[in-house]
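Student: give me a model of this one.
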Amino acid sequence: MKIGVDIGGTKCAVVLGDEERIVKKIRFATTSYEQTLENIIKAIEEIGEGDAIGISCGGPLDSQKGIIMSPPNLPDWDNVHITELLSERFGIPAYLCNDANACALAEWKYGAGKGTRNMVFLTFGTGLGAGLIIDGKLYSGTNGNAGEVGHVRLEGYGPVGYGKAGSFEGFCSGSGIAQIGKMLALEKLQSGVTLPYCKSASELDSINAKVLAEYADKGDEVARRAYEISSEMLGHGLAMIIDILNPEAIVIGSVFARSEELLRPQMEKVLEREALGVSVGVCRVVPASLGEAIGDFAALSVAFEGEKNNL
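Tutor: Residues are numbered from 1 along each chain as shown. Predicted coordinates:
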């Protein structure tokens with residue numbers, strides 16, 4: 001049995017499981033650094049005996065040294081030597097992995113990418129990150145920063161993501177779709193046209209990817225256009241990934257998994273036009289399948305992968 005620790009900005013979970021199932025889970029809110037760390041230790045003590053600990057956490061972090069390095073959504077988690085701390089406390093090895101890589105491992109081992117040898121996982125959530133499975137092994141790069149596709153600039157100007165206007169993350173993330181929707185709504189308002197979900201400039205901040213998806217499903221042209229723009233740029237980004245890495249599958253989470261019907265049509269048109277036919281022909285683009293359980297399986301996967309390949 002392995003122990004998985006999923007550290008998130010609003011909630012955490014500690015799970016116990018094997019390579020097939022989660023046996024036990026303890027959840028709690030993420031509060032202060034001191035209280036959250038205390039709750040993690042308490043949960044590991046309560047959950048049962050495991051022979052390794054896997055930790056999934058948002059970056060920046062140094063996975064090889066096991067250090068969490070001031071993630072923006074975890075105040076006061078500054079240079080926390082988390083693997084050393086937990087390993088010394090419980091007398092078993094501990095391994096750390098950023099959440100995109102950990103989710104890639106989970107979807108590869110348990111989810112939509114199971115059975116592949118070359119797979120790319122895209123988060124497509126609040127931001128856009130990637131985890132790369134190359135030749136049957138997680139590839140993290142020289143210092144753990146492989147897969148930061150969200151930082152790639154797709155256009156000279158556009159919605160801002162990863163601190164860069166026109167980036168892949170700017171176009172293909174929940175926050176990016178919201179930016180696109182607000183821009184389109186403002187254009188309409190300034191032309192004297194109101195929208196059912198935005199009747200004045202004071203309501204612009206209420207526009208998010210969920211609201212846009214809801215109205216796009218109802219046939220609202222502006223909301224559908226926001227998703228169409230994101231879909232087109234998703235196609236361009238995926239074509240680049242396919243041409244460079246030649247994967248068997250690209251598994252996409254969060255927004256894509258929830259709104260596949262809005263994002264797939266234009267994405268596929270762009271892929272057909274832009275990607276190498278011999279490469280796109282052998283690559284499936286599919287939604288992530290683990291749903292809300294992905295964080296649990298991600299943390300557990302880090303423990304198994306760490307023990308196997310010394311993450």
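
Student: OK, contacts around the closest residue to residue 66 other than its chain neighbours?
Tutor: Closest residue to residue 66 apart from its sequence neighbours, by CB to CB, 6 or more residues apart in numbering: residue 83 at 2.8 Å. Glycine gets a C-beta too; all of them are placed from N, C-alpha and C. Residues near residue 83 by CB atoms under 8 Å, 6 or more residues apart in numbering: 53, 55, 66, 94-96.

Student: same question, residue 195
Tutor: Residue 195 makes contact with 185, 188-189, 215, 220, 222, according to CB under 8 Å, 6+ apart.

Student: buried among those? Make that a ChimeraX selection.
Tutor: Of the contacts of residue 195, the buried ones can be selected in ChimeraX as follows, counting by 16 or more other CB atoms under 10 Å:
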select :185,189,215,220,222
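
Student: make JSON lines out of the contacts of residue 195 and add secondary structure.
Tutor: Formatted as JSON lines, the contacts of residue 195 follow (DSSP: H, G, I helix; E, B strand; the rest coil):
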{"residue": "185", "secondary structure": "helix"}
{"residue": "188", "secondary structure": "helix"}
{"residue": "189", "secondary structure": "helix"}
{"residue": "215", "secondary structure": "helix"}
{"residue": "220", "secondary structure": "coil"}
{"residue": "222", "secondary structure": "helix"}
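
Student: ok so, going back, name the SS class of the residue nearest to residue 66, please.
Tutor: Residue 83 is classified as helix under three-state DSSP.

Student: residue 145 versus that one, what's the distance?
Tutor: 18 Å (CB to CB, to the nearest Å).

Student: tell me if residue 175 really is in a strand.
Tutor: No: Residue 175 is assigned helix when assessed by three-state DSSP, not a strand.

Student: measure it to residue 127 for me?
Tutor: Taking CB to CB, one finds residue 175 at 7 Å from residue 127.

Student: anything in contact with each of these two?
Tutor: By CB under 8 Å, 6+ apart, the residues touching both residue 175 and residue 127 are residue 161.

Student: in contact with the nearest residue to residue 167 once chain neighbours are set aside, which residues?
Tutor: In space, and not counting its chain neighbours, residue 167 is closest to residue 161: 4.6 Å by CB to CB, 6+ apart. By CB under 8 Å, 6+ apart, the contact list for residue 161 reads 127-128, 150, 167-173, 175-176.

Student: who wins on neighbours among the residues you listed?
Tutor: When the contacts of residue 161 are compared by neighbour count (other CB atoms under 10 Å), residue 172 ends up highest, at 33 neighbours.

Student: surely that one touches residue 233?
Tutor: Yes: assessed by CB atoms under 8 Å, residue 172 is found in contact with residue 233 at 6.0 Å.

Student: what is residue 24 paired to in the beta sheet?
Tutor: When bridges are called by DSSP bridges, residue 24 pairs up with residue 16.

Student: residue ranges with poor pLDDT in the stretch 1-150 of the chain?
Tutor: Nowhere does the stretch 1-150 of the chain drop to pLDDT under 70.
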